[in-house]
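> What would the 3D arrangement of this be:
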Amino acid sequence: MIGKTKVIHPKKWLISGPPGSGKSSLLYALKGDGFTVFDEIGRDIIQEEVSKNSEVLPWKNLKAFSLKVLSRRILDQSTHAAEHQFYDRGIPDLAAYFLVKGQPIPAEIHDAALKHRYETQVFGCTPWKEIYTQDAERKESFEEAQKLYAALKTVCFRYGYKWLDIPKGSLEDRKTFILDHIQA
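Okay, the predicted model is just below:
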């Protein structure tokens, strides 16, 4: 008899939230524990596009920028097979930016949000004024971050996800909160 190969069906966990809410620090901690983590790719794309003096930036051409992010996020989802995968933002996040801007969600993003799914439970980081900062890539005000938070929750519900706020607290407490929920 030939040995059986274990088939891994990865669990894709989305950690969402507005800019400056502690997502990246939390994901960095999960990565440090050996989990597969997909970093936010928007920041990298902004840096690439700025260096090329491009218009493909969220504050200049939201659709072109979002489609570039979308293509990389789809590639991330299709190329790894770790048991637990954590995503710093995801496809529903792209849709939320259009909602905040009062623009229709592009069909490509809507279709991808339906096709490329995460686990039903989305972990949400809430706006956190005490840690919020702006920088070259994060241009939103704290008030805009609060509006995006509401839009993220709305979009996640529309696409059939359950939103669970991660309580504010130490990095270790927030990480434990997530790990307790994925192992339940």
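
> Helix, strand, or coil at W13?
Taken by DSSP: H, G, I helix; E, B strand; the rest coil, the conformation at W13 corresponds to strand.

> State the distance from it to K147.
W13 is 25 Å from K147, where distance means C-beta to C-beta, to the nearest Å. Backbone N, C-alpha and C define where each C-beta goes, glycine included.

> show me where pLDDT drops low in the chain?
Along the chain, the model assigns pLDDT under 70 to residues 1-8, 80-81, 132, 134-139, 184.

> Tell me where the protein has strands.
For the chain, the strands defined by DSSP state E occupy 11-16, 36-38, 84-88, 121-124, 162-165.

> For T133, find the nearest of those.
strand 84-88 (16.8 Å; C-beta to C-beta).

> Which strands and helices lie in contact with that closest one?
Strand 84-88 is packed against strand 11-16, helix 23-32, strand 36-38, with contacts defined by 3 or more C-beta pairs under 8 Å, 6 or more residues apart in numbering; DSSP states H and E.

> so of those, which one's packed in deepest?
Each of the helices and strands packed on strand 84-88 was assessed for mean neighbour count using mean count of other C-beta atoms under 10 Å. The highest is strand 11-16, with a mean of 22.
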